[in-house]
Structure formats: C-alpha cells, structure tokens
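In: how would this look folded up:
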Amino acid sequence: NGPNRDFAADSGGNNDTGGTAGCLDWQGDAVYFAGATSVSSTNAKYRALALKIDGKTGDLVWQQAWEPVEGDKPASNSALAYAVDAQGADVLVTGETKGGVLVASLGKAAGEVRWTRALSLGGTNEAGWAIRTDGKGGAWIGADSDGKAVLARLTGLDKEPSLESVQTVSFGDKGRINHI
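Out: Take a look at the predicted model:
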C-alpha cells in the first residue's frame, strides 16, 4: 500500500470496492493485479498500478505505477488500471487515461513498462474494463465509449501495437464489456 489511497474500481466505476473479476489474473505460481494508487493526499490524481505476487508465499515480486505525465500535474493526467491479462509473453493492462483507453505492456520478470498507449475508440469518455490476449500477437479489449459497450482488437503487441478494429455492441444505455 502507498501512503495515500490505493484501489481497484468495480465495473460500475465505484472506487471503494475490490475491483472487477478482470483486475486479477493467476498464471503458474504468480498472481497479477491491476488497480490505481494516489500520488497525493488529496486523492485526486492517480497512477495506474500493476503488481505481481508470489502465489505460494504471498510475497510481492514487483510493483509498477505509472501515469501519462509525471509530476504534479492536473488530475486529468491520471491513469487508472482496471484489468490485467498475464497469459501471453507480457503482462497486459487496460484502464483509462487522458486521451482514451489505457493499454500497457509490462515485462513478466521485473514489471518494466515496455509500452503504453492511450487509444481513442471514437468517444470522449472511455475506459477499458477487460483485456485478453489471443495467442497470435494481438488482444481483445472490452470497453465503454460514451456509455456504449465496445469490443476493440489490438494487433502488433510484440512490436508496434495498433488498433485493428472497434465494434460497438448494443447492450442498451450505459453498456460496457467487463469480462472476456
């Protein structure tokens, strides 16, 4: 835990719960977690947070926190992580950040941030709530964009990630895809 507020939001956007089903992933003897940590005592600016925990001992293996703009910037520069997938070669994280849906790739051994992107899915208020690798160098992201459920496909995870497709799924008003 950090000196201020650490949390994982649920799929309703509530920040005082234990997070979504996608905020944890168990692979081999490791548990991976995605969430957020506050960088100030006002709890108005957050960094995305990813953890790797030894599944046998419960010891913290690594933790990584990052934001799109370092330092004491406005809260609009925050980054929050909501889902993690450690099935592939790297650990993938999705959430929200300035500019759209947060997607990041971290190394499994040490947690180093290999790349991070803010993907625009066509809206102004967007967040990634679920992520799953496809085993072929790509991933699917379950998200919402301006209150509409969206399924996005990302390719080129090992080199230069790019958004291949974005499909709106009709779930009614305030829809989102929370699990893949």
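
In: what's the helix or strand where Gly35 lies packed up against?
Out: In this assignment (DSSP states H and E), Gly35 forms part of strand 30-38. Judged by 3 or more Cβ pairs under 8 Å, 6 or more residues apart in numbering; DSSP states H and E, strand 30-38 is in contact with strand 6-7, strand 24-27, strand 46-54, strand 79-85, strand 90-97. For the C-beta atoms, the positions are set from N, CA and C on the backbone; glycine is no exception.

In: try it again at 6 Å.
Out: Using 3 or more Cβ pairs under 6 Å, 6 or more residues apart in numbering; DSSP states H and E as the contact test, the elements touching strand 30-38 are strand 6-7, strand 46-54, strand 79-85.

In: which parts of it are buried?
Out: Residues Ala30, Val31, Tyr32, Phe33, Ala34, Gly35, Ala36, Thr37, Ser38 are the ones in strand 30-38 that count as buried (16 or more other Cβ atoms under 10 Å).

In: for stretch 82-89, same thing?
Out: Tyr82, Ala83, Val84, Asp85, Ala86, Gly88.

In: can you list contacts of it?
Out: Outside of stretch 82-89, the residues within contact range by Cβ atoms under 6 Å, 6 or more residues apart in numbering are 22, 25, 27, 32, 34, 92-95, 129-133.

In: send me it as CSV with only the CA atoms.
Out: C-alpha atoms of stretch 82-89 as CSV (Å, rounded to 0.1, in the frame of the first residue of the first chain):
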residue,chain,number,x,y,z
TYR,A,82,-9.0,-1.9,-14.3
ALA,A,83,-8.0,-5.3,-15.9
VAL,A,84,-4.9,-7.4,-16.3
ASP,A,85,-4.0,-10.5,-18.5
ALA,A,86,-0.8,-12.4,-18.0
GLN,A,87,-1.5,-15.3,-20.4
GLY,A,88,0.9,-14.1,-23.1
ALA,A,89,4.6,-13.3,-23.2
